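Enquirer: Okay, sequence plus prediction incoming.
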Amino acid sequence: MSANILLVGSTDRQLEDVLRACGMQAPSAAGSELAVLAQPAAKQPDVLVLDVRDQNHLPTALPILKRQHPRTGVIIITSAMEPALLLEAMRAGVTEVVTNITEDELRNAIGRLIASHPSAARAGQAYAFLGAKGGVGTTTVAVNVATALAKLDPQSTLLIDLHVTNGDAAVFLGAEPRFSIVDAMENTHRLDESFFKTLVVKTKAGVDLLASSDRVMLNPVDVRRIRTILEFAERHYRYIILDVPRSDATVLDALETVAQIVVVANQELATVRSASRIATSLRQRYGKDRVTVVVSRSDRLADIAHEDVERAVGSPVKFTFPSDYRRALQALNKGIPVTVDNHNELSGAFVRFAKGLTGMEKKESKERAAARFSIFGARKGTAQETR
Ligand SMILES: Nc1ncnc2c1ncn2[C@@H]1O[C@H](COP(=O)(O)OP(=O)(O)O)[C@@H](O)[C@H]1O
Ligand SMILES: [Mg+2]
């Protein structure tokens, strides 16, 4: 995995050149950018390189950034190994200090940070689905997006029902899980591949499921345990779909690593109002680019039009799923998601949405473009390099 490197607070062209040789692509940022990066919703680089050679102290924003984003790897560039500065660095949680700017030194430091990063081997991306109200069709969307991804890319997809109790994703998938998210939360200290395999159930739809529990959990839900489970899942699956309970603030606080949070609404006034509140607070917490609103059971003749929904939630409706109550209910009763059968409008919508959400669509069109180029005699490599 190539690292996303960002250089902050440096005017040294040579340092920039060396970092470019190490794979840095982003333009370097001014020192004042550090305070912006320290904000809770700020998107983080994998490795932040901070040039402090003309300073006696570390910037005050650095410890704040490390507290807010403990997973951001930081390298500081100093002119000498000053004990006071090293102590400050250690206290701020910085493990890499470089004085000798050579490609080897920096490459090694970047390598160490990437290797110790909890997401180092993270292969996957998580997508959270959250209903603006109960009954809007959130679990239906989550289960069918997971099914679509598992069909397109077998063994790639895990669905986690984050309703600690009484979630119903297992019913939608016709599964009878023996273990649940509660077992995972109570055993985060021993999460490894073989243990996790015993907790998930392989469903007929091709989706692995970490289900909700039938038993009441004795301890309150701990946000750190949910984060640990998500990070583990992201290292072992390409796609992780989360069916998120709307009313559990702890779960809502654990979604930092999630690529997209999809708020599911429909065309009812109460739901639209609630979607507006939820989308606003999620945007504040996780940034506007990571929050998407979709409409389920779309009805073109409804009193509340899509434009009304968009005005209320303050963003475009990214996707609408047609209403097909008979098919949705039949699928639920049989425990076979509609997307298992791809010959209907509803399942087609789920597949298209799943492809767009995960970027599969872009990859496919790039591949098609590459194939077209090669037909017309251009070198295939050239076409594939085109972004
Ligand atoms: N696109 C749809 N068209 C018609 N009915 C739907 C659709 N999606 C879901 N439903 C139905 O709505 C009900 C609630 O769905 P569910 O996914 O459990 O909602 P939620 O998870 O938001 O509570 C179910 O009976 C389901 O079959
Ligand atoms: Mg549900």
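Expert: Cool, the structure landed. Residues are numbered from 1 along each chain as shown. Ligands and ions are numbered 1, 2, ... in the order given.
Enquirer: So which bits of the chain are right by ligand 2?
Expert: 138-139 (C-beta under 5 Å from the ion). Bear in mind the C-beta positions are built from the backbone N, C-alpha and C, glycine included.
Enquirer: Show me which helix runs longest in the chain.
Expert: Longest helix of the chain, by residue count under DSSP state H: helix 269-286.
Enquirer: Check which residues of that helix are buried.
Expert: 271-272, 274-276, 278-279, 282-283, 285-286 (16 or more other C-beta atoms under 10 Å).
Enquirer: now swap in stretch 253-265 and tell me
Expert: For stretch 253-265, using 16+ other C-beta under 10 Å, the buried residues are 254-265.
Enquirer: taking those one by one, which sit in strands?
Expert: 260-265 (DSSP state E).
Enquirer: hang on, the earlier thing: would you reformat the buried residues of stretch 253-265 as CSV and include pLDDT?
Expert: Shown next, in CSV, are the buried residues of stretch 253-265 (pLDDT from 0 to 100):
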residue, pLDDT
254, 92
255, 93
256, 87
257, 87
258, 93
259, 94
260, 96
261, 97
262, 98
263, 98
264, 98
265, 96
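Enquirer: Turn those residues into a markdown table, including distance to residue 111.
Expert: Below are the buried residues of stretch 253-265 laid out as a markdown table (distance: C-beta to C-beta, whole Å):
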| residue | distance to residue 111 |
| --- | --- |
| 254 | 29 |
| 255 | 29 |
| 256 | 24 |
| 257 | 22 |
| 258 | 27 |
| 259 | 25 |
| 260 | 30 |
| 261 | 32 |
| 262 | 35 |
| 263 | 39 |
| 264 | 41 |
| 265 | 45 |
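Enquirer: Not including adjacent chain positions, what is the nearest residue to residue 42?
Expert: Setting aside the residues directly before and after it, residue 42 is nearest to residue 36 in space (C-beta to C-beta, 6 or more residues apart in numbering), at 6.1 Å.
Enquirer: Dihedrals phi and psi, the one you found?
Expert: With angles defined as degrees, to the nearest 10, residue 36 sits at phi -70, psi -40.
Enquirer: what do you get for residue 178?
Expert: phi -90, psi -30.
Enquirer: Got the phi and psi for the residue in the stretch 201-350 of the chain that ligand 2 sits nearest to?
Expert: Proximity of the stretch 201-350 of the chain to ligand 2 (C-beta to the ion) peaks at residue 243, 6.1 Å away. Phi and psi for residue 243, reported as degrees, to the nearest 10, are phi -90, psi 110.
Enquirer: quick one, the longest helix of the chain and strand 260-265 angle?
Expert: 160 degrees (axes from the mean of the first three to the mean of the last three C-alpha atoms, to 10 degrees).
Enquirer: what sits up against helix 269-286?
Expert: Identification of contacts with helix 269-286 by C-beta atoms under 8 Å, 6 or more residues apart in numbering yields 40-41, 130, 132-133, 136, 246, 252-253, 255-256, 258, 261, 263, 265, 290-291, 293, 304, 308-309, 312-315.
Enquirer: Would you mind checking those residues for buried ones?
Expert: Buried among these by 16+ other C-beta under 10 Å: 130, 132-133, 136, 246, 252, 255-256, 258, 261, 263, 265, 290-291, 293, 304, 309, 312-313, 315.
Enquirer: how far away is residue 286 from residue 198?
Expert: Distance, residue 286 to residue 198, by C-beta to C-beta, to the nearest Å: 32 Å.
Enquirer: Residue 52 too?
Expert: 48 Å.
Enquirer: Comparing the two, which residue is more hemmed in?
Expert: Using other C-beta atoms under 10 Å as the criterion, residue 52 and residue 198 rank with residue 52 on top: 22 against 10.
Enquirer: wait, isn't that one in contact with residue 59?
Expert: Yes: using C-beta atoms under 8 Å, residue 52 is in contact with residue 59, at 7.4 Å.
Enquirer: Overlap in contacts, the two.
Expert: Contacts common to residue 52 and residue 59, judged by C-beta under 8 Å, 6+ apart, are residue 9.
Enquirer: Would you point out which residue of the stretch 51-200 of the chain is nearest ligand 2?
Expert: residue 139 (3.3 Å).
Enquirer: Skip the chain neighbours and tell me the closest residue to residue 64.
Expert: Nearest residue to residue 64 in three dimensions, chain neighbours excluded: residue 38, at 4.5 Å (C-beta to C-beta, 6+ apart).
Enquirer: Surely the one you found touches residue 65?
Expert: Yes: judged on C-beta under 8 Å, residue 38 makes contact with residue 65 at a distance of 3.8 Å.
Enquirer: Which residue of those two possesses the greater neighbour count?
Expert: Taking other C-beta under 10 Å, residue 38 and residue 65 do not tie; residue 65 has more neighbours (25 against 21).
Enquirer: Can you say which helix or strand has the more buried one in it?
Expert: helix 61-68 (DSSP states H and E).
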